[in-house]
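Visitor: no sequence on this one, just coordinates:
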């Protein structure tokens, strides 16, 4: 894989681009600490702030599903509206990731990341004071704007600072490992808060952690604004893309999500209007991005690298499966199997522990194992977890059914996340690393919102027709999606994430070869 990040040493970078460095030199460069950090302690603190950021985004997704039954009772949330406090965060985050990714490419990652983190912490705190479900939905939506700012910029910062090789693989492995840690602790804190205190402390505890993280981030993240303004002076915001893509995503997903619960279903006038407007805006966005904008928010050539297009489609489906599993597995364990909130949280432990193990070990082994093999294993894990829940009886034994399903879920999402982060940041140019982070997280959050809406529609239709499967229909839908992911991953040939030249170094090397060929002629 090629990577857009620079070498730690400019002279060695030039040497590498001349093709004079052998594999041992590249391996050494791939293991060195970036020059942006004076010492290892500074690098560790920098990494900690970024790791905690993804930790908290997962914390406020997974744990909310655990406190949702208690919140629904406390705030009198109608059954048809219960999906919104859960999905609106992912919807808003996913819709605004690309604009914030572009802002980071223009102004640097430091300010976009830190301001986004502060904004997120404020609205998470306010969520804990919600007096009705409409206020909760609004605060969750506004918090999504903060996540949309710091998530792509965290990947941007890592992608720009670390060149291809073992050190980058390890850092991205740790970054991915903190997702399941946040996921699990979100569930545990949500379960403990619901069981022994009040659901509001779930938000208060999260806000305290965020406040500390904000302080660390302000001090340790390299301020790259000046260098980014100089290096990316040609990069501009695509406002036409913003005014078409963002509302298109929001309106379309809203219609799909709410169509199942509208008074007259899909025949409800506001569902028809929002869906039609969303589709029209999607068409306008394609036209704007392809033929109007000078610097598209989502340029078509972003998918030019081999397998990038089908990889993006597979990731969209894969993360959608994960969203369905999170939402409906909680209800299967709590409502159908009759387990308490705390027991539900504990039953998710294998997924978190497995995720930590896989992501960390993956950081050490990505340069040794073929990416294609890892992706196929992840797809099989996703297929296994939803199939087990689809067949699971109401009196299922934990070790026979839930435990292997949780292991399958962590295989499905964590391996995919690590491999995709390295692959995408590696194949996108340095001045587009904010866009790379936006793309990665857009596929994640929009996949969750979009497929959760479709699964909810399938469940509602089954209930209207007198079906007795309940939310198991969602697991069967997820099974079909998992089969699609498996088929796509089988066609993608991703090699080992070995130490290599950066994308810019390879481009300079090719230019020098062409120039030398012309001179000899």
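Guide: Here it is on my side, so go on. A quick note: this is a predicted structure, and the numbers were derived from the prediction, not measured.
Visitor: so for the host helix or strand of residue 508, what's the average pLDDT?
Guide: Here residue 508, judged by DSSP states H and E, is contained in helix 503-520. The average pLDDT for helix 503-520 rounds to 70.
Visitor: what helices and strands are in contact with that helix?
Guide: Applying 3 or more C-beta pairs under 8 Å, 6 or more residues apart in numbering; DSSP states H and E, one finds that helix 503-520 contacts helix 10-17. No exception for glycine: its C-beta is placed from N, CA and C like everyone else's.
Visitor: how far is the helix holding residue 508 from where the chain is centred?
Guide: 36 Å (C-alpha atoms, centre = their mean, to the nearest Å).
Visitor: what do you get for stretch 194-207?
Guide: Distance of stretch 194-207 from its chain centroid, counting by C-alpha atoms, centre = their mean, is 25 Å.
Visitor: give me the buried positions along it.
Guide: By 16 or more other C-beta atoms under 10 Å, the buried positions in stretch 194-207 come out as 194, 199-207.
Visitor: now stretch 261-277
Guide: For stretch 261-277, by 16+ other C-beta under 10 Å, it's 261-262, 268, 271, 274-275.
Visitor: low-confidence ranges, the chain, go.
Guide: Residue ranges of the chain with pLDDT under 70: 1-27, 29-31, 359-360, 362-367, 466-470, 495-507, 521.
Visitor: which helix runs longest in it?
Guide: Taking DSSP state H as the criterion, the chain has its longest helix at helix 40-74.
Visitor: sorry, back to before: could you export the buried residues of stretch 194-207 as JSON lines, including secondary structure and distance to residue 289?
Guide: Shown next, in JSON lines, are the buried residues of stretch 194-207 (DSSP: H, G, I helix; E, B strand; the rest coil; distance: C-beta to C-beta, whole Å):
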{"residue": "194", "secondary structure": "helix", "distance to residue 289": "44"}
{"residue": "199", "secondary structure": "coil", "distance to residue 289": "41"}
{"residue": "200", "secondary structure": "helix", "distance to residue 289": "42"}
{"residue": "201", "secondary structure": "helix", "distance to residue 289": "44"}
{"residue": "202", "secondary structure": "helix", "distance to residue 289": "39"}
{"residue": "203", "secondary structure": "helix", "distance to residue 289": "37"}
{"residue": "204", "secondary structure": "helix", "distance to residue 289": "42"}
{"residue": "205", "secondary structure": "helix", "distance to residue 289": "41"}
{"residue": "206", "secondary structure": "helix", "distance to residue 289": "36"}
{"residue": "207", "secondary structure": "helix", "distance to residue 289": "37"}
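Visitor: from those, pick the one nearest residue 125.
Guide: Nearest to residue 125 among the buried residues of stretch 194-207 is residue 207, at 4.0 Å by C-beta to C-beta.
Visitor: so which of the buried residues of stretch 261-277 belong to helices?
Guide: Among these, DSSP H puts 271, 274-275 in helices.
Visitor: what sits against the closest residue to residue 376 other than its chain neighbours?
Guide: Closest residue in space to residue 376, ignoring its immediate chain neighbours: residue 489 at 5.4 Å, by C-beta to C-beta, 6 or more residues apart in numbering. The contact partners of residue 489, by C-beta atoms under 8 Å, 6 or more residues apart in numbering, come to 314, 372, 375-376, 378-379.
Visitor: could I get those as a markdown table with secondary structure and neighbour count?
Guide: Output for these, formatted as a markdown table (DSSP: H, G, I helix; E, B strand; the rest coil; neighbours: other C-beta atoms under 10 Å):
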| residue | secondary structure | neighbour count |
| --- | --- | --- |
| 314 | helix | 25 |
| 372 | helix | 18 |
| 375 | helix | 27 |
| 376 | helix | 17 |
| 378 | helix | 28 |
| 379 | helix | 27 |
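Visitor: touching, residue 453 and residue 252? I think so.
Guide: No. Contact between residue 453 and residue 252 fails when scored by C-beta atoms under 8 Å: they sit 9.3 Å apart.
Visitor: got the phi/psi numbers for residue 337?
Guide: phi -90, psi -10 (degrees, to the nearest 10).
Visitor: residues contacting residue 317?
Guide: Taking C-beta under 8 Å, 6+ apart as the test, what residue 317 contacts is 447, 451, 481-482, 484-485, 488.
Visitor: so which of the residues you listed belong to helices?
Guide: Among those, DSSP H puts 447, 451, 481-482, 484-485, 488 in helices.
Visitor: farthest-apart pair in the contacts of residue 317, please.
Guide: Farthest pair in the contacts of residue 317, by C-beta to C-beta: 451 and 488, 15.1 Å.
Visitor: okay, the two: which has more neighbours?
Guide: Using other C-beta atoms under 10 Å, the more surrounded residue of residue 451 and residue 488 is residue 451, with 25 against 19.
Visitor: ok, the more buried one touching residue 321?
Guide: Yes. At 7.0 Å, residue 451 counts as touching residue 321 under the criterion of C-beta under 8 Å.
Visitor: what touches both of these two?
Guide: Each of 478, 481 lies in contact with both residue 451 and residue 321 under the rule C-beta under 8 Å, 6+ apart.
Visitor: part of a helix, is residue 294?
Guide: No. Residue 294 is assigned coil when assessed by DSSP: H, G, I helix; E, B strand; the rest coil, not a helix.
Visitor: can you tell me the closest non-neighbouring residue to it?
Guide: residue 236 (7.4 Å).
Visitor: how many residues are close by that neighbour?
Guide: Using other C-beta under 10 Å, residue 236 has 13 neighbouring residues.
Visitor: which of the contacts of residue 317 count as buried?
Guide: Among the contacts of residue 317, the ones that count as buried by 16+ other C-beta under 10 Å are 447, 451, 481-482, 485, 488.
Visitor: kind regards, and thank you for your time.
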